[in-house]
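Student: Need a 3D model of the sequence below.
(one chain, ligands or ions: 1)
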Amino acid sequence: MEEILIETKIKAYAVAELPDELKALAHLSFAATHGAYAPYSEFRVGAAVLLDNGVIVTGNNQENAAYPSGLCAERVALFYAGSHYPGLSVRAIAISAQTGGRQTERISPCGACRQVLLETENRYQHPIQVLLCGQETVYIAESAASLLPLSFSGSDLK
Ligand code: THU
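Tutor: From the prediction side, this is the model:
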């Protein structure tokens, strides 16, 4: 038997020390929470996706009375980007949430969103910085792959 240790590096920043471009992305992800359609959970999530040409696309969670028919903020934003800017790689995504009118602590993308982030990384052959935004601090993972160890991807289908 052999034990295999898989490690992930996360950088923890105070919001004030983030580079300007990423600080703006974090703020835009929080602004996007206001457009969420979340009448069931009342948990509003916003995502802001930075593309290779500097364009920023935002999205928010869209819920449904038939719960699984809704979609997370991250996938709304990523699919919009993939649909409208198919030639541009994704450089970074910031994620924020609010409930009861207050920004929550950092949240982390669900498994399905991690899988879509990984697909996007593979599609453009470029790592995506993932920013998990709280009011005071932001965690940054340097790639989606680092958040999804032992993942399944297109290369497994060949
Ligand atoms: N949600 C997101 O949009 N992104 C996440 O990273 C976690 C959860 C949404 C799904 C659902 O509309 C609500 O938050 C509560 O789970």
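Student: measure residue 49 to residue 20 for me?
Tutor: Applying C-beta to C-beta, to the nearest Å, the value for residue 49 to residue 20 is 17 Å. (Each C-beta comes from the backbone N, C-alpha and C, glycine too.)
Student: more neighbours, these two?
Tutor: Between residue 49 and residue 20, residue 49 has the larger neighbour count (other C-beta atoms under 10 Å), namely 28 against 7.
Student: pretty sure that one contacts residue 78?
Tutor: Yes. Using C-beta atoms under 8 Å, residue 49 makes contact with residue 78 at a distance of 6.2 Å.
Student: Quick check: neighbours shared by those two?
Tutor: Residues touching both residue 49 and residue 78 (C-beta atoms under 8 Å, 6 or more residues apart in numbering) are 59, 90, 93.
Student: which of the residues you listed tops the neighbour count?
Tutor: Using other C-beta under 10 Å as the neighbour criterion, residue 93 leads the shared contacts of residue 49 and residue 78 with 28 neighbours.
Student: pretty sure that residue contacts residue 50?
Tutor: Yes. Here residue 93 reaches residue 50: they are 7.4 Å apart, a contact under C-beta under 8 Å.
Student: Going by distance to the ligand, which of the shared contacts of residue 49 and residue 78 wins?
Tutor: Closest to the ligand out of the shared contacts of residue 49 and residue 78 is residue 59 (8.7 Å), distances taken as C-beta to the nearest ligand atom.
Student: Can you tell me how far residue 91 is from residue 11?
Tutor: The value you get for residue 91 to residue 11, if C-beta to C-beta is used, is 16 Å.
Student: who in this structure is up against the ligand?
Tutor: For the chain, the residues in contact with the ligand (C-beta under 6 Å from any ligand atom) are 38, 41, 43, 45, 61, 63, 70, 72-74, 95, 107, 109-110, 113.
Student: Sort out for me which of these are in helices.
Tutor: Cross-referencing the residues of the chain next to the ligand against helices under DSSP state H gives 73, 74, 113.
Student: Please report the number of neighbouring residues for the nearest residue to the second one once chain neighbours are set aside.
Tutor: Spatially, and ignoring its direct neighbours in sequence, residue 74 is nearest to residue 113 (4.0 Å; C-beta to C-beta, 6 or more residues apart in numbering). Here the number of neighbours of residue 113 (other C-beta under 10 Å) works out to 26.
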